[in-house]
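S.K.: pasting a predicted model and its sequence here:
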Number of protein chains: 2
Amino acid sequence: MINRKQVAISIGDLNGIGIQLALENHKRVCELVKPIYCIDRAMLEQAASKLALAIPEAFQTVEDIAPCFEIGPGSVSEASGAYAYASFCKAVELAKAGTADAVCTLPIHKKAWELAGVKYKGHTDALRDFFDAEAIMMLGCPKMYVALFTEHMPLREVAGKITLEDLTRFLLDFYRTAKPQKRVAVLGLNPHAGDEGVLGDEERIIKAAIKNAHQQLDKQVFTAPLVPDVAFTPNVRARYTHYIAMYHDQGLAPLKALYFDEGINVSLNLPILRTSVDHGTAFDIAYRGIKLNALSYLNAIRYIKERDQE
Amino acid sequence: MINRKQVAISIGDLNGIGIQLALENHKRVCELVKPIYCIDRAMLEQAASKLALAIPEAFQTVEDIAPCFEIGPGSVSEASGAYAYASFCKAVELAKAGTADAVCTLPIHKKAWELAGVKYKGHTDALRDFFDAEAIMMLGCPKMYVALFTEHMPLREVAGKITLEDLTRFLLDFYRTAKPQKRVAVLGLNPHAGDEGVLGDEERIIKAAIKNAHQQLDKQVFTAPLVPDVAFTPNVRARYTHYIAMYHDQGLAPLKALYFDEGINVSLNLPILRTSVDHGTAFDIAYRGIKLNALSYLNAIRYIKERDQE
C-alpha cells in the first residue's frame, strides 16, 4: 500500500454502467492505486441510491464538476454528456497539475457529447487537441498490446501513409512511451509481408524505418516486418507482448478475437498517461442490477500501476 | 461404412511429412472416406521403411505416377518436386474421370516444383489453369471458414477491386459451392465498416452486391457489411460458420490467431472439390520419428465427407 499512484478517474456517462463499475470495484482498485473520482458527492449519492449500492469508505470525490441532473438510466442526454465531458476535463486537469499521476476514463456516450456541444468525437481526439501532441493509440491487455500506426481512415489511404519519416518517428515515440520489455513485433503491410516485393513493396519503407530507429536508439528492439496473418498464431505471439500494426483492423481484429473482454485503450506519447476501458456505456444493462465484467476496468487501472514512473 | 466417398489423395513432397500423415492416419481416414493414394507401391515401401512404419492393410495406391527416386528427408529436390506434381495431376485426373469424388492434397514444396520446371506456384494456381475457372479460396475449420474475395495482391490495390459486378458474382458462386447452413458474415472493407461513409465508402458497393445477390437467390443469406474488428469477437462469431473477407489478412489473421492447428484450405467453385491441409512440408521434422498433429489433415478429409453430394 506504500506509494500507491494517484489516479484521476473520469466518471463517464452517468446514465451508463461506469459508475456501477467504480462503486463495485473500489476496494480492488484501492489495492492497486489511490483513486480520485471526478464526480460531485450529490451525483454520487443519487447514482448509488439508484443502483442500491452503498458508497464505499474513503471514496474520494471532487466537487463542482458540473451542474447536477437527474440520472436517466440508459438515456442519451445533453446534461449527462456535459457532465461526462466536465468530469474528463477535471481528471486531465488533476493530472496536468500533478495532483494525479495518470487518468483512467470510464465510458462516455459520443452522441451525448455531441448533444452537449462538445466538439470532440471522443477522449483521444480531445487529448490530441488539449496537448497538441501526436497521441499513440494502443489497445490490448497484458498478454498482448497492439499500437496503431494509422487509425481511423479509409483502407485505400493506408498504404500511402507509410512514409519513412513518419514511421521512424512513430517507432521512436512508441518505444520511449510504451517501454516494452521484450522485442516489439512490427507487422508488414501486405499479405505475406510482400513476399520479397511481389505483393507490394511498402515493407522496404518499414525496414528502413526500423533501421533508422535502431540507429537512433543504438539497440535492436524491433523485429523485421512480420507476415501479418502468421504474427498472431500461438507460437509467434508467445514471443511478444507488444505489436505495431500498420492499420486499424490488421491489429484490432486478431486482438479482439483473442482478448475481447480484457482489453483496454492506452493513450501514449502525451504529457500525461491515460488509460481507458475498451467498452462502451452499455446503456442496455445500466442500473439493472446486472453483475458487470470488470476485467477491462481493472486492467486499465493495473496498467497505470505497473508503469515505471516517468 | 456404406457409401463412403472415394477421395484421391495426392501424396505431396515425399521428402516432407505428408507420407507420414497418410500412413499414421489411414485407419481414421478410412472411417470417413475411401482413400486412393496417388503414390507408386515402390515409393510407398521406401517411405514406410525410412519411417519404420508398417504399411496398413487396404492401402490403395496407383502405379506409374512418375519415376521413382531416393527419398532425401527434408531436402528440396527436383525429383521429389516432379513426383509431387505428378501425384497431384493424377489425383485431379481421377476426380475429373469420376473415379474419385474429390481431391485432398498433402503439402508440396513450392521451390521443389520450381526446380522440377512446374509452371505453377501452387495447387490453387494450377487448378485455376486446369479448369479455366475462378476458384474461390476458403480457409478454416468447422468452427469458422473464411473465404477471400481478394487474395494475393498488394494492400494498396484491394479497395479498387471492390466492384459491384465481381462481388455479386463472387457472392453467388460462394453461396452455391460452399453451401453454408447459416447466414454468412460479410465483412466491410474499412475500419468501423466505414462509419456511414466517414471512413471510406466501399461499403456502399458491398451493400449493393449483397442486395443483387439476394435478389437473384430470392432469399436473404448474407449479413450487411460487418465491422471487421468486431466480427471475430466471441459473441459475434457464435452466430456464424462462414465469413467472407474482402482481403487476405482481414480474414486470415483472426482465423489463424484462433484456429491455427485445425485449419484447412478448400478450393471452391471448380468442377471438382479439393481440400488441403493448411500447413507445409515441415522438412525440419520429416522422418524424425516425431508425432505429428493430424488435425488439419483429418479436417480436410472430414470436409469432403460432410459435403452434400454435388
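M.R.: Cool, the structure landed.
S.K.: please see if stretch A:149-167 touches chain B.
M.R.: Yes: applying CB under 8 Å from any CB of the partner chain, one finds stretch A:149-167 in contact with chain B at A:E151, A:H152, A:M153, A:P154, A:L155, A:R156, A:V158, A:A159, A:G160. For every residue, glycine as well, the C-beta is placed using N, CA and C.
S.K.: ugh, wrong one, I meant stretch A:276-285
M.R.: No: using CB under 8 Å from any CB, stretch A:276-285 stays clear of chain B, coming no nearer than 11.0 Å.
S.K.: restricting to C-alpha, output that stretch in PDB.
M.R.: C-alpha atoms of stretch A:276-285 as PDB (Å, rounded to 0.1, in the frame of the first residue of the first chain):
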ATOM      1  CA  SER A 276      -9.500   3.600 -20.500                       C
ATOM      2  CA  VAL A 277     -11.800   0.600 -20.600                       C
ATOM      3  CA  ASP A 278     -12.300  -0.700 -24.100                       C
ATOM      4  CA  HIS A 279     -16.100  -0.900 -23.900                       C
ATOM      5  CA  GLY A 280     -19.000   1.500 -24.100                       C
ATOM      6  CA  THR A 281     -21.700   2.800 -21.700                       C
ATOM      7  CA  ALA A 282     -23.700  -0.400 -22.200                       C
ATOM      8  CA  PHE A 283     -27.000   1.600 -21.800                       C
ATOM      9  CA  ASP A 284     -29.000  -1.700 -22.300                       C
ATOM     10  CA  ILE A 285     -27.800  -3.100 -18.900                       C
END
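S.K.: just the strands in the stretch 151-300 of chain A please.
M.R.: A:185-186, A:242-245, A:264-268, A:273-277 (DSSP state E, counting those that start in this stretch).
S.K.: let's have those strands in JSON lines, adding mean neighbour count and mean pLDDT.
M.R.: Below are these laid out as JSON lines (neighbours: other CB atoms under 10 Å in any protein chain shown; pLDDT from 0 to 100):
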{"stretch": "strand A:185-186", "mean neighbour count": "26", "mean pLDDT": "98"}
{"stretch": "strand A:242-245", "mean neighbour count": "26", "mean pLDDT": "98"}
{"stretch": "strand A:264-268", "mean neighbour count": "23", "mean pLDDT": "97"}
{"stretch": "strand A:273-277", "mean neighbour count": "24", "mean pLDDT": "97"}
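S.K.: can you report how many residues lie near A:S10?
M.R.: By other CB atoms under 10 Å in any protein chain shown, 28 other residues sit near A:S10.
S.K.: that one and chain B: what is the separation?
M.R.: To chain B, A:S10 is 23 Å away according to CB to the nearest CB, to the nearest Å.
S.K.: do A:G289 as well
M.R.: From A:G289 to chain B the distance is 21 Å (CB to the nearest CB).
S.K.: leaving aside the residues next to it on the chain, what's closest to that residue?
M.R.: In space, and not counting its chain neighbours, A:G289 is closest to A:A52: 7.4 Å by CB to CB, 6 or more residues apart in numbering or on different chains.
S.K.: and for that neighbour, the neighbour number?
M.R.: For A:A52, using other CB under 10 Å, the count is 8.
S.K.: before we move on, back to that, and the strands of the stretch 151-300 of chain A as TSV, adding distance to A:A178?
M.R.: Compiled in TSV, these are given as follows (distance: least, CB to CB, whole Å):
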stretch	distance to A:A178
strand A:185-186	12
strand A:242-245	6
strand A:264-268	6
strand A:273-277	11
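S.K.: just so I know, which of these lies nearest B:A79?
M.R.: strand A:185-186 (38.7 Å; CB to CB).
S.K.: which residues touch the closest one?
M.R.: With contact meaning CB atoms under 8 Å, 6 or more residues apart in numbering or on different chains, strand A:185-186 is reached by A:171, A:206, A:210, A:222-226, A:231, A:236, A:239-240, A:242-244.
S.K.: before we move on, back to that, most neighbours of all the residues of stretch A:149-167 next to chain B, which one?
M.R.: With neighbours taken as other CB under 10 Å, the top of the residues of stretch A:149-167 next to chain B is A:L155, carrying 28 neighbours.
S.K.: what residue is smack in the middle of chain A?
M.R.: A:N265 (1.9 Å; CA atoms, centre = their mean).
S.K.: in this structure that residue contacts A:I136, no?
M.R.: No: here A:N265 does not reach A:I136: they are 11.2 Å apart, not a contact under CB atoms under 8 Å.
S.K.: how about the residues of the stretch 1-150 of chain A by chain B?
M.R.: Neighbours of chain B within the stretch 1-150 of chain A, by CB under 8 Å from any CB: none found.
S.K.: ok, back up a step: partners of the residue nearest to the centre of chain A in the sheet?
M.R.: Per DSSP bridges, the residues bridged to A:N265 are A:L139, A:S276.
S.K.: how close does it sit to chain B?
M.R.: For A:N265, the distance to chain B - CB to the nearest CB - is 13 Å.
S.K.: mind listing the helices for the stretch 101-250 of chain A?
M.R.: A:110-115, A:123-131, A:155-158, A:164-178, A:202-217, A:234-237, A:248-259 (DSSP state H, counting those that start in this stretch).
S.K.: make CSV from the ones you listed and add mean pLDDT to it.
M.R.: Shown next, in CSV, are those (pLDDT from 0 to 100):
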stretch, mean pLDDT
helix A:110-115, 92
helix A:123-131, 94
helix A:155-158, 98
helix A:164-178, 97
helix A:202-217, 98
helix A:234-237, 96
helix A:248-259, 97
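S.K.: which one, of the ones you listed, ends up nearest to B:H109?
M.R.: Here helix A:234-237 is closest among the helices of the stretch 101-250 of chain A (CB to CB), at 20.6 Å.
S.K.: could you list the buried residues of that closest one?
M.R.: Of all the residues in helix A:234-237, those buried under the rule 16 or more other CB atoms under 10 Å in any protein chain shown are A:V236, A:R237.
S.K.: out of the helices of the stretch 101-250 of chain A, which comes closest to A:A91?
M.R.: Nearest of these to A:A91, taken as CB to CB: helix A:123-131 at 9.9 Å.
S.K.: so who does A:V230 touch?
M.R.: A:V236, B:K256.
S.K.: with A:P56 instead?
M.R.: Neighbour list for A:P56: A:L23, A:H26, A:K27 [criterion: CB under 8 Å, 6+ apart].
S.K.: what about 6 Å?
M.R.: Taking CB atoms under 6 Å, 6 or more residues apart in numbering or on different chains, we find A:P56 in contact with A:H26.
S.K.: also A:M137?
M.R.: Contacts of A:M137 by CB under 6 Å, 6+ apart are A:T124, A:L148, A:E151.
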